[in-house]
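**Q** The following block contains a protein sequence and its predicted model.
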Amino acid sequence: MPLGRRGGLAIDGPMSRRRHPLPRLRGEQRAASDPLVHASLSASAGTGKTQVLIARVLRLLLHGAAPQSILCVTFTKAGAAEMANRLGDRLARWVRMSDAELGADLLALGEVATPDLTRQARRLFARVIEAPGGLRLLATKPSLARFRDAAVGQTVWAMPADCRALPKDG
């Protein structure tokens, strides 16, 4: 389910509803959201996997990843739709938030709210919408179904799509 021009942009509810600040990530959740490391998440329901994935995608975008180079995979269409809704909602909110509110969101992600990063965050909504192919949020393909059967809860990944081309560590 693409998030962007070709697939439409799913936004959960009107911009006027009460603001929900991003929860601050700690420990393993914060480490998993770091855009400089490769990570996969596997945990039971209600443990914050979607929250971490959303944080990881936001941080990838803030660090300059092209929206069309990010691939998120989940085991259900409902999971992909939930991620699209949360991402679209958060990016739309960043456009209109006060500097203090946006700074608090960036801090919750583990980023420092510099003036440059704040400006960049405000531009991400348009960048994602205008990206050719948009941000890709997919339910698993049948070739990945065998992993679903062994997983506890829902496993999700967020990575630059070209990360498979990275050289292996020696």
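**A** It's in.
**Q** tell me which residues in the longest helix seen in the chain are buried?
**A** Taking DSSP state H as the criterion, the chain has its longest helix at helix 77-96. Using 16 or more other C-beta atoms under 10 Å as the test for burial, helix 77-96 gives 79-94. Using the backbone N, CA and C atoms, a C-beta is placed for each residue, glycine as well.
**Q** tell me what it is packed against?
**A** strand 2-3, helix 49-62, strand 70-74, helix 99-109, helix 115-130, strand 135-139, strand 154-160 (3 or more C-beta pairs under 8 Å, 6 or more residues apart in numbering; DSSP states H and E).
**Q** Deepest-packed of the ones you listed, please.
**A** strand 2-3 (a mean of 24; mean count of other C-beta atoms under 10 Å).
**Q** Could I get the average pLDDT for it?
**A** Strand 2-3 shows a mean pLDDT of 48 in the predicted model.
**Q** Likewise for stretch 134-149?
**A** 61.
**Q** Begin at 689 from now on, thanks
**A** OK, 689 is where the count begins now, so the last one is stretch 822-837.
**Q** Where does pLDDT dip in the chain?
**A** 689-707, 827-858 (pLDDT under 70).
**Q** one more time with 50, if that's ok
**A** For the chain, the stretches with pLDDT under 50 are 689-706, 830-831, 834-835, 837-858.
**Q** any idea how far residue 802 is from the residue nearest to residue 824 when sequence neighbours are not counted?
**A** Nearest residue to residue 824, sequence neighbours excluded (C-beta to C-beta, 6 or more residues apart in numbering): residue 759, at 5.0 Å. According to C-beta to C-beta, to the nearest Å, residue 759 stands 28 Å off from residue 802.
**Q** For residue 712, find the nearest of the helices and strands packed on helix 765-784.
**A** Residue 712 lies closest, by C-beta to C-beta, to one member of the helices and strands packed on helix 765-784: helix 787-797, at 4.4 Å.
**Q** who are the neighbours in contact with the nearest residue to residue 736 once chain neighbours are set aside?
**A** The shortest distance from residue 736 to any non-neighbouring residue, by C-beta to C-beta, 6+ apart, is to residue 717 (6.1 Å). Applying C-beta atoms under 8 Å, 6 or more residues apart in numbering, we find residue 717 in contact with 736, 739, 740, 743.
**Q** Since that was my last question, I'll sign off now.
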